[in-house]
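S.K.: give me the fold of what follows.
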Amino acid sequence: MWRGLYTAATGMITESYRTDVIANNLANANTTSYKRDDAVSSDFEPMLMHRIDDLSRRDRDVTTFKGFSLYNNAPVIGELGMGSKVDEIATDFSQGAFQTTGNPLDLAIMGDGYFMVNTPQGQRYTRDGNFYRAANGRLVNVNGYNVLDDRGRPIVIPDEAASIIVGPNGNVTADGNPVAQIGLFTFEGGNRVMFKQGNNLFRPNGNPRRLNATGEIQQGILERSNTNVVSEMVNMIANYRAYEANSKAVVTQDSMLEKSVSEVGRNM
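M.R.: Alright, predicted model coming up:
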């Protein structure tokens, strides 16, 4: 009974983590270029169950009963699950839908690649191209971090610029004059080495080699979140039912344990 109680409890903990992940996806359904997460779960090492002769006495030769042997050839019943756990929170890097805004400083990446921004923690990477021109002329993101060019330098747009054009390769021109080339990068190992930091930023795990990305920049467009609200709501309902089933199993196991202690123990 204790084993069943713990197994059901681990299922509740796993589904609770999964609920948090789904809720975060739904909360960011309208966040520019947000990448949804999945809670990847796995089972604890299962236990192989064998049948034993509970009615036999020690002085009884159980091997004479249809070839049954308590120690060598006990019939296999099957595997008994020992509970579940969350292995990792995996990010879905599939591209979101594009939304046309007409703003010349709204940029979307078609294909692979990340913009590079300078943060207090160092250089970080994002696919959120919702950029602005700051008072000092520098190109910044929504958090005020400088957007960097292909050499890791801030991008300054002239005050008098009336027309700003950003090419597919990141070349920025103001009134026909070259200004900078927006850095577009990826890393050796691809998206597998990228981890979320918060504020729609990513950082590479370890020290992988930085590469120039092959994606193209689309001007006047933003990449939307790849969260599908309907799918996430369906997952939320299924997750709730799994949590409820595990909670009922905990209550049942607790009731059986209480009965065995109060009644079976009294009759012995």
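
S.K.: all contacts plus neighbour counts: C-alpha atoms, from now on.
M.R.: Noted.

S.K.: show me what the helix ranked longest in the chain is packed up against.
M.R.: The longest helix of the chain (DSSP state H) is helix 229-259. Using 3 or more CA pairs under 8 Å, 6 or more residues apart in numbering; DSSP states H and E as the contact test, the elements touching helix 229-259 are helix 2-27.

S.K.: okay, the angle between the next helix or strand after the helix it packs on and helix 2-27?
M.R.: Counting by DSSP states H and E, the element after helix 2-27 in chain order, helix or strand, is strand 37-43. For strand 37-43 against helix 2-27, the angle by axes from the mean of the first three to the mean of the last three CA atoms, to 10 degrees is 170 degrees.

S.K.: count the residues that sit near Asp231.
M.R.: Heads up, residue 231 is Ser, not Asp. 11 (other CA atoms under 10 Å).

S.K.: check the gap between it and Gly11 for me.
M.R.: Distance of Ser231 to Gly11, given as CA to CA, to the nearest Å: 22 Å.

S.K.: residue ranges of each domain in this protein, please.
M.R.: 1-43+82-95+228-268, 47-80, 98-223 (automatic domain parsing).

S.K.: now these in TSV, with mean pLDDT?
M.R.: As requested, the domains of the chain are exported to TSV (pLDDT from 0 to 100):
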stretch	mean pLDDT
domain 1-43+82-95+228-268	85
domain 47-80	53
domain 98-223	94
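
S.K.: the longest helix of the chain to helix 2-27, inter-axis angle?
M.R.: Using the same axes, to 10 degrees: helix 229-259 against helix 2-27 is 160 degrees.

S.K.: can you give me how far helix 229-259 is from the chain middle?
M.R.: Centroid separation for helix 229-259 versus its chain: 22 Å, with CA atoms, centre = their mean, to the nearest Å.

S.K.: could you list the buried residues of it?
M.R.: For helix 229-259, a neighbour-count test (16 or more other CA atoms under 10 Å) marks 229, 232, 236, 239-240, 242-243, 246-247, 249-250, 253-254 as buried.

S.K.: and which of these is nearest Leu184?
M.R.: Val229 (29.5 Å; CA to CA).

S.K.: from what I can see Tyr125 touches Thr119, true?
M.R.: No: using CA atoms under 8 Å as the test, Tyr125 is too far from Thr119 to be in contact (9.7 Å).

S.K.: the more surrounded of these two?
M.R.: Using other CA under 10 Å, the more surrounded residue of Tyr125 and Thr119 is Tyr125, with 25 against 15.

S.K.: residues in contact with whichever strand or helix holds that one?
M.R.: Assigned by DSSP H and E, Tyr125 belongs to strand 122-126. Outside strand 122-126, the residues that touch it by CA atoms under 8 Å, 6 or more residues apart in numbering are Tyr114, Phe115, Met116, Val117, Asn118, Asn200, Leu201, Phe202, Arg203.

S.K.: 10 Å - rerun?
M.R.: 33-34, 113-119, 141, 145-148, 152, 184-186, 194-197, 199-204 (CA atoms under 10 Å, 6 or more residues apart in numbering).

S.K.: following that strand, which helix or strand shows up next?
M.R.: Sequence order places strand 132-133 as the next helix or strand after strand 122-126, per DSSP H and E.

S.K.: from the contact counts, what lies against that next one?
M.R.: In terms of contacts (3 or more CA pairs under 10 Å, 6 or more residues apart in numbering; DSSP states H and E), strand 132-133 is packed against strand 139-140, strand 146-147.

S.K.: deepest of these, which one?
M.R.: strand 146-147 (a mean of 26; mean count of other CA atoms under 10 Å).

S.K.: so what does the helix or strand just after it touch, helix or strand wise?
M.R.: Where DSSP H and E defines the elements, the next helix or strand beyond strand 146-147 is strand 164-166. With contacts taken as 3+ CA pairs under 10 Å, 6+ apart, strand 164-166 sits against strand 171-174, strand 177-181, strand 216-219.

S.K.: partners of the second one, with directions?
M.R.: Right, strand 177-181. strand 171-174 (antiparallel) (DSSP bridges).

S.K.: the contacts of strand 122-126 in strands, which ones?
M.R.: 114-119, 146-147, 184-186, 194-197, 201-204 (DSSP state E).
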